[in-house]
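**Student:** this one's structure only:
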């Protein structure tokens, strides 16, 4: 069984400040982890994924994520937040045959 | 390259009716997965098809079914609609042939079909 947890329902950050959206995982075997973003009335957009290798994964739109095996975490980060980054962010783990198990989602609000 | 398309974008149905949703994957992708998104349950996996075969299924009642055609387009059907079926239904496509049983595949999502059951 596998699960992904996003402990924060909402994260507030001022524009220009660094942002972190947290994710922890519980999977059997090797973890395959993903981050997606959802804008209102839109589908999910892929940001980045961790399969193996470097613990720091770089993705789209300046986002990156840090994989930490000892803490079973995969936090999403960005050095300088933009108002346009305001959206709903989902962490997910890859399961058998193109199945994703999602966290509840974290709403990111970036204030001007 | 065109993205994943879903039709229709919005649907309003009444309880007891049935509905069919359509998904066209990215060209070349052979795997199509379906997800239900609701405020209460979040994003939940429905089923996945690859080369016209269902390879994986989530924990949903038999009223939810799907199929995939030879061109990889997919449809899902919900029969005897209930109020609780109101949701955003998302389709995602991927190559479907990645390592480890496609666990590592990146899935690309369509805009979704918003179903409202009255």
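**Tutor:** That came through fine. No experiment lies behind these values; they were computed from the predicted model shown.
**Student:** which regions of the chain lie under the pLDDT threshold?
**Tutor:** Because you didn't say which chain, this covers chain A. Low-confidence regions of chain A, defined by pLDDT under 70, are absent; no residue qualifies.
**Student:** Hmm, no, I was thinking of chain B.
**Tutor:** For chain B, the stretches with pLDDT under 70 are B:1, B:98-103.
**Student:** And the helices in it?
**Tutor:** Ranges of helices in chain B, per DSSP state H, are B:99-102.
**Student:** Those residues of it touching chain A, which are they?
**Tutor:** Among all residues of chain B, those adjacent to chain A (criterion: C-beta under 8 Å from any C-beta of the partner chain) are B:4, B:6, B:31, B:33, B:35, B:42-45, B:48, B:50, B:55-56, B:58, B:90, B:92, B:94, B:96, B:100-112. All C-beta atoms are positioned from the backbone trio N, CA, C, and that covers glycine.
**Student:** Buried ones among the residues you listed?
**Tutor:** Neighbour counting over the residues of chain B next to chain A (16 or more other C-beta atoms under 10 Å in any protein chain shown) leaves B:4, B:6, B:31, B:33, B:35, B:43-45, B:48, B:50, B:55-56, B:58, B:90, B:92, B:94, B:96, B:101-112 as the buried ones.
**Student:** Which ones among those map onto strands?
**Tutor:** Residues of these located in strands (DSSP state E): B:6, B:31, B:33, B:35, B:43-45, B:48, B:50, B:55-56, B:90, B:92, B:94, B:108-109.
**Student:** List just the nearest of those to residue B:77.
**Tutor:** Sorting these by how near they are to residue B:77, with C-beta to C-beta, puts residue B:6 at the top with 14.3 Å.
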